[in-house]
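> Just the structure for this:
(one chain, ligands or ions: 2)
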Amino acid sequence: MTRQIGIANQKGGVGKTTTAVNVACGAARLLGPGRVLLIDVDPQANATHVLLGVEVAAGPRRVDRPTMREVLNGDVSAENAIQPIELDAVTLKDGAQLPPSLLHILPSHLELATLEPILTSQFRGEYQLKRALQPITERYDVIIVDCPPSLGSLTLNALLFCEEVIIPVNPGEFALVGLGLLQSTIQQAREANPRLRIGGVLPNAMGRTRLSKETLGALEAHFGRIVLPPIPERVAIGEAHSSGGDIFAYAPTSDGATAYYDVITALFST
Ligand SMILES: Nc1ncnc2c1ncn2[C@@H]1O[C@H](COP(=O)(O)OP(=O)(O)OP(=O)(O)O)[C@@H](O)[C@H]1O
Ligand SMILES: [Mg+2]
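Ligands and ions are numbered 1, 2, ... in the order given. Next up, the predicted model:
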């Protein structure tokens, strides 16, 4: 069975892409080469930029390098747009070893933005991701979808393809207020995709502040056991993101890497 997990929150900058990249890279090492696919459906193409570089994310579009735009438009198969990324072996702070692996990524491109209004007006345009992925979904153990910071047709495409949503949340009450909107969108998507559920809420960029503790308490009271192990706010997590790598490759002995490993174990250990 393939786990199809969307990383969503319409609030910008809460750590969706950081979560998608680190969870995908960690899960790929845990589950084996070619077992994990990361899908970028955000026109900002940040996950693509981090893992494949700015040329793929924002350079001239090339027929020999198709991206999500061509896939959702029905021009090429998903299989033909997927690229492999080699991941090195790492040793974490507690001595746990993760073997080298291969992550698959279906990249995005800045010009995916021009497809969103077309998808909105198209008959069944919200099912394009599900349609495109159908032939290859079963090849993977885990598929992670990095969503844009909106509740538009690209996020809807992700919610109709996925079975689970993971919601990263930052300290602060605004984040909680915003969650209501995402939850009602998930509820609406469930009418068309009854399997969809909130698989996890990820407290991200947590500190020792009262605000962080209050947020964690509120999330636990509201969501109970689906609250994932918190990710601390760490410079290394931001640096890994901007240096074009995942936290395991960039700072394997950091407590940020340990925190993501705990999340991956919580999600994927049987
Ligand atoms: N735990 C953390 N510690 C430190 N920095 C973090 C952490 N999580 C995310 N960041 C930083 O915060 C910024 C926003 O993160 P990210 O791009 O993952 O958010 P996002 O929700 O995907 O944003 P968008 O809504 O624009 O897609 C990035 O610069 C990232 O490096
Ligand atoms: Mg993002």
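> list the buried ones in the longest helix seen in the chain?
Counting residues, the longest helix found in the chain (DSSP state H) is helix 173-192. By neighbour count on 16 or more other C-beta atoms under 10 Å, the buried set for helix 173-192 is 175, 178-179, 182, 185-186, 189. In short, each C-beta sits where N, CA and C put it, glycine included.
> got it, and stretch 225-244?
Buried positions in stretch 225-244, judged by neighbour count with 16+ other C-beta under 10 Å: 226-234, 236-237, 240-241.
> Please apply the same query to stretch 58-74.
By 16+ other C-beta under 10 Å, the buried positions in stretch 58-74 come out as 58, 65-73.
> how long is that stretch end to end?
Distance across stretch 58-74, first residue to last, is 21 Å (C-alpha to C-alpha, to the nearest Å).
> Would you state the helices of the protein in chain order?
For the chain, helices defined by DSSP H occupy the ranges 16-31, 46-52, 54-58, 68-72, 78-81, 116-121, 128-133, 153-161, 173-192, 210-223, 235-243, 247-250, 255-268.
> re earlier: which of the buried residues of helix 173-192 lies closest to T2?
The closest of these to T2 turns out to be A189 (C-beta to C-beta; 18.4 Å).
> what about the closest residue to that closest one other than its chain neighbours, how many neighbours?
Excluding the flanking residues, the one nearest A189 by C-beta to C-beta, 6 or more residues apart in numbering is L159, at 4.0 Å. If you count neighbours by other C-beta atoms under 10 Å, L159 ends up with 25.
> Distance check, L159 against G152.
Distance of L159 to G152, given as C-beta to C-beta, to the nearest Å: 11 Å.
> Please list all residues in contact with the nearest residue to P33 once chain neighbours are set aside.
With sequence-adjacent residues excluded and distances taken as C-beta to C-beta, 6+ apart, P33 is closest to L102, at 3.8 Å. Residues counted as contacts of L102 (C-beta atoms under 8 Å, 6 or more residues apart in numbering) are 28, 33-34, 84-87.
> Give me the neighbour count for the residue in the stretch 51-200 of the chain that ligand 2 sits nearest to.
Residue nearest to ligand 2 within the stretch 51-200 of the chain: D146 (6.0 Å; C-beta to the ion). Neighbours of D146 under the rule other C-beta under 10 Å: 29.
> what does R124 give?
Close neighbours of R124, defined as other C-beta under 10 Å, add up to 10.
> related to what we said a few turns ago, where does the residue nearest to P33 land on pLDDT?
L102 is assigned 98 on the pLDDT scale.
> same question, G180
Looking at G180, its pLDDT reads 85.
> Over to L176?
On the pLDDT scale, L176 is placed at 72.
> And E173, by the same measure?
The model's pLDDT for E173 equals 69.
> Just send the helices of the chain back as JSON lines, with distance to ligand 2 too.
Below are the helices of the chain laid out as JSON lines (distance: least, C-beta to the ion, whole Å):
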{"stretch": "helix 16-31", "distance to ligand 2": "3"}
{"stretch": "helix 46-52", "distance to ligand 2": "5"}
{"stretch": "helix 54-58", "distance to ligand 2": "12"}
{"stretch": "helix 68-72", "distance to ligand 2": "14"}
{"stretch": "helix 78-81", "distance to ligand 2": "19"}
{"stretch": "helix 116-121", "distance to ligand 2": "15"}
{"stretch": "helix 128-133", "distance to ligand 2": "17"}
{"stretch": "helix 153-161", "distance to ligand 2": "11"}
{"stretch": "helix 173-192", "distance to ligand 2": "15"}
{"stretch": "helix 210-223", "distance to ligand 2": "20"}
{"stretch": "helix 235-243", "distance to ligand 2": "10"}
{"stretch": "helix 247-250", "distance to ligand 2": "16"}
{"stretch": "helix 255-268", "distance to ligand 2": "16"}
